[in-house]
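# give me coordinates for this.
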Amino acid sequence: MNGCPECAWTLTNAPAIEPFTVAEAKAQIRSVQSQEDGLVFSYLKAARQAAEDYLGRGLLTQSWTLALSGFVDLIP
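Below is the predicted model:
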């Protein structure tokens, strides 16, 4: 999430929903087969994660935990 080697970010609570539903995505690609629902959902999730990685921020509500290896004695 950032370039801090002493920091470790862990995703605590992932987004509960994706920005688009499977039905919306299937309408866009003109698919009516229900066998593809799992694949379409995985594409939606991967696209959101790629956008978040590129932007460096979350697009939906989610919780992260930051673990630090230590503190400095003096904080400016």
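# and the top helix by length along the chain, what does it pack onto?
Secondary structure of the chain per DSSP state H: the longest helix is helix 37-55. On a contact count with 3 or more CB pairs under 8 Å, 6 or more residues apart in numbering; DSSP states H and E, helix 37-55 meets helix 22-28. All C-beta spots, glycine's among them, are computed from the backbone N, C-alpha and C.
# buried ones in the helix it packs on?
22, 25-26 (16 or more other CB atoms under 10 Å).
# so which of these is the closest to G38?
Nearest to G38 among those, counting by CB to CB, is V22 at 8.8 Å.
# for this structure, what are the low-confidence residue spans?
Within the chain, the ranges that satisfy pLDDT under 70 run 1-5, 71-76.
# which one of the buried residues of helix 22-28 is nearest D37?
Among the buried residues of helix 22-28, and counting by CB to CB, the member closest to D37 is V22, at 5.3 Å.
# wait, what's in contact with that closest one?
V22 sits next to 37, 40-41, 44 when contact means CB atoms under 8 Å, 6 or more residues apart in numbering.
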